[in-house]
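S.K.: With the sequence up front, the predicted model follows.
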Protein chains: 2
Amino acid sequence: MPTSAPPSNARERQKRERRLALIEAAQRLVGERGLDDVTVEEISAAAGLSTRTFFNYFDSKDDAVLGIQEIDLDAEVRAQFVSGGPSGRLMTDLEALVAGFLRNAAPNIEQGERAMRLMVSEPRLVQRHIAWHQRVIGELEQLLAERRTARPSPVDDDTIGMVAGLLMRSSALAWARSGYEGDAVAHLPEAVAQLRLLLDD
Amino acid sequence: MPTSAPPSNARERQKRERRLALIEAAQRLVGERGLDDVTVEEISAAAGLSTRTFFNYFDSKDDAVLGIQEIDLDAEVRAQFVSGGPSGRLMTDLEALVAGFLRNAAPNIEQGERAMRLMVSEPRLVQRHIAWHQRVIGELEQLLAERRTARPSPVDDDTIGMVAGLLMRSSALAWARSGYEGDAVAHLPEAVAQLRLLLDD
DNA sequence: CTGCAACTTGCACTCACTGCAAGAATAGCC
DNA sequence: GGCTATTCTTGCAGTGAGTGCAAGTTGCAG
């Protein structure tokens, strides 16, 4: 028996299934008809749930299409960053941290890919995707405050946060550009390289 | 007679006045009661206009609070960037271009400042602000495509666009941090410096 | 003064989203 | 198995954002 995915608990399993069903229905319908020609009612019905229940799972229609969920960073990655690691060089450690977030971003890689594809045709989703970065950055800024005691930096939190957001999106775009090879994390180094290239003119 | 602000045209003047009245009312009411406890109807009434007219001026309540408008880049700045200038080094020229956008971003500096203040208490506004960057970046990506013919670059458009967005927001934040000294453009070099500092670890 | 174009407004409508309270499913305990 | 506390779903009623349309109103040009 695998240790990872299925929590023996029957309640948790159904919760997960319903969540996935909603995302799946949302992505399919929006792909067919467009974001503004699909109602939450239709999505819910397609997933076999009530409209009201939809909003127990997602804050908005857009969130469901993107499959947005809470991000839970690995405790290990978190602890290492806070204590000034793993390398001691901020930019390098930031890259490791972003990788940690990206790894836990999408539980389902196909849904992540479909979300990326839909962003091309529905620009509003890009905005929501970027807005989601904000939440991650909020989490990150707490870590930064803690890390500062261990290892101060002259760079302000805002800049660090924005660069982290940029790297997440840039990785996702590189992933898309590659035709969705591997996962987004695999394209993080490429994102960093592009950024350095620009800064070095 | 000044060449800049007042277009003798009576229609244009009233349009501008109504627009400003709506922003002013929106910012005041939201400052007093919070974003979710103010309706568009109330804002419109406070500005002496109908609800329907409100939506002839702004796409959403949030846009009015931020005073968001179309960005019109100076033709000169635009032409220079497209033809590979002014310096020929991409990062430097990008900075000049961003300065051009920032200069035309807010016609009224006090309203810009109030918008920044409201973003602190209303996080949703930050998201809308960032979403507005997206529109600017859309404009910018066209310019990039044109510039490429004059002066190719190994850096992809997405990265350049995101860095431009980062610089705009970073400048605004530095401006806020300074206690709103001068305008946002004045803090652009600071934003660039912070970014370089981080990249150089 | 007159006809034209731009702008405002009211009206009716759709739909996202929320709070609440009642009902169904499940977990855990004996 | 049966009982109870908890959690989750759902219906209902409501608020308010945002849109299309058609009818007025206002400023503009000749």
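M.R.: That came through fine.
S.K.: Give me the nearest residue to A:Gly112, chain neighbours excluded.
M.R.: Nearest residue to A:Gly112, sequence neighbours excluded (CB to CB, 6 or more residues apart in numbering or on different chains): A:Ala106, at 3.5 Å. No exception for glycine: its C-beta is placed from N, CA and C like everyone else's.
S.K.: again with A:Leu66
M.R.: According to CB to CB, 6+ apart, the nearest residue to A:Leu66 is A:Ala115 (4.8 Å).
S.K.: ok, now which ones touch the one you found?
M.R.: Counting by CB atoms under 8 Å, 6 or more residues apart in numbering or on different chains, A:Ala115 touches A:27, A:65-67, A:106, A:125, A:129.
S.K.: May I have the secondary structure class of it?
M.R.: helix (DSSP: H, G, I helix; E, B strand; the rest coil).
S.K.: Quickly note the distance from it to B:Pro189.
M.R.: For A:Ala115, the distance to B:Pro189 equals 37 Å [CB to CB, to the nearest Å].
S.K.: distance between the longest helix anywhere in chain A and the chain's centre?
M.R.: In chain A, with assignment by DSSP state H, the single longest helix is helix A:123-150. The chain centroid and the centroid of helix A:123-150 are separated by 10 Å under CA atoms, centre = their mean, to the nearest Å.
S.K.: so A:Leu22 makes contact with A:Phe54?
M.R.: Yes: checked against CB atoms under 8 Å, the pair A:Leu22 and A:Phe54 is within contact range at 6.4 Å.
S.K.: who's more crowded, those two?
M.R.: A:Leu22 (25 against 22; other CB atoms under 10 Å in any protein chain shown).
S.K.: contacting residues around that one?
M.R.: The contact partners of A:Leu22, taken as CB under 8 Å, 6+ apart, are A:43-44, A:47, A:49, A:54, A:57-58, A:64.
S.K.: Could you point out which of those residues is nearest to chain B?
M.R.: Taking CB to the nearest CB as the measure, chain B lies nearest A:Phe58 of the contacts of A:Leu22, at 16.4 Å.
S.K.: Report the contact partners of that closest one.
M.R.: A:22, A:64, A:68.
S.K.: Let me know how buried the second one is, in neighbour terms.
M.R.: Under the neighbour criterion other CB under 10 Å, A:Ala64 is assigned a count of 25.
S.K.: That one is in what secondary structure piece?
M.R.: Using DSSP states H and E, A:Ala64 maps to helix A:61-66.
S.K.: does A:Glu42 sit in a helix, a strand or a coil?
M.R.: Classified using three-state DSSP, A:Glu42 is helix.
S.K.: Not counting residues beside it along the chain, what's closest to it?
M.R.: A:Leu29 (6.2 Å).
S.K.: distance of the one you found from A:Leu49?
M.R.: For A:Leu29, the distance to A:Leu49 - CB to CB - is 14 Å.
S.K.: returning to that earlier point: flag the least confident of the contacts of A:Ala115.
M.R.: pLDDT across these is lowest for A:Ala106, at 78.
S.K.: quick one: contacts for it?
M.R.: By CB under 8 Å, 6+ apart, the residues touching A:Ala106 are A:67, A:112, A:115.
S.K.: what about the residue nearest to A:Arg89 when sequence neighbours are not counted, distance to DNA strand C?
M.R.: Excluding its sequence neighbours, the residue lying closest to A:Arg89 (CB to CB, 6+ apart) is B:Asp201, at 4.5 Å. Look at B:Asp201 and DNA strand C: by CB to the nearest atom of the strand, to the nearest Å, they are 40 Å apart.
S.K.: For burial, what's the neighbour tally of B:Asp201?
M.R.: Neighbours of B:Asp201 using other CB under 10 Å come to 14.
S.K.: What of A:Gly48?
M.R.: Neighbour tally, A:Gly48, other CB under 10 Å: 11.
S.K.: and it, which of the three is it?
M.R.: Applying three-state DSSP: A:Gly48 is coil.
S.K.: OK, contacts around A:Asn104?
M.R.: A:71-74.
S.K.: Chain B versus that one, what's the distance?
M.R.: Here A:Asn104 is placed at a distance of 22 Å from chain B (CB to the nearest CB, to the nearest Å).
S.K.: wait, doesn't A:Ala46 sit right on A:Leu29?
M.R.: Yes: counting by CB under 8 Å, A:Leu29 is a contact partner of A:Ala46 at 6.4 Å.
S.K.: Which one's more surrounded, these two?
M.R.: Between A:Ala46 and A:Leu29, counted using other CB under 10 Å, A:Leu29 has the larger neighbour count: 19 against 16.
S.K.: which stretch of helix or strand covers that one?
M.R.: Using DSSP H and E, the element containing A:Leu29 is helix A:10-33.
S.K.: So which bits of chain A are right by DNA strand C?
M.R.: With CB under 7 Å from any atom of the strand as the criterion, chain A comes near DNA strand C at residues A:9-11, A:14, A:38-41, A:51-52, A:55, A:59-62.
S.K.: Out of the residues you listed, which end up buried?
M.R.: Among the residues of chain A next to DNA strand C, those classed as buried by 16 or more other CB atoms under 10 Å in any protein chain shown are A:38, A:40, A:61-62.
S.K.: tally of neighbours for the closest residue to A:Pro86 other than its chain neighbours?
M.R.: If the residues on either side of it in the chain are set aside, A:Pro86 comes closest to A:Gln80, at 5.1 Å by CB to CB, 6+ apart. Counted with other CB under 10 Å, residues neighbouring A:Gln80 total 18.
S.K.: List the contacts of stretch A:153-161.
M.R.: For stretch A:153-161, contacts defined as CB under 8 Å, 6+ apart pick out A:90, A:94, A:137, A:140-141, A:144-145, B:166, B:169-170, B:173, B:191, B:194-195, B:197-198.
S.K.: Point out the other helices and strands that the longest helix of chain A packs with.
M.R.: If you count contacts as 3 or more CB pairs under 8 Å, 6 or more residues apart in numbering or on different chains; DSSP states H and E, helix A:123-150 packs onto helix A:61-66, helix A:75-82, helix A:90-103, helix A:109-121, helix A:157-177, helix B:123-150.
S.K.: Go through those and pick out the most buried.
M.R.: Mean neighbours per residue, mean count of other CB atoms under 10 Å in any protein chain shown, is largest over the helices and strands packed on helix A:123-150 for helix A:61-66, with a mean of 24.
S.K.: Many thanks, we can stop here.
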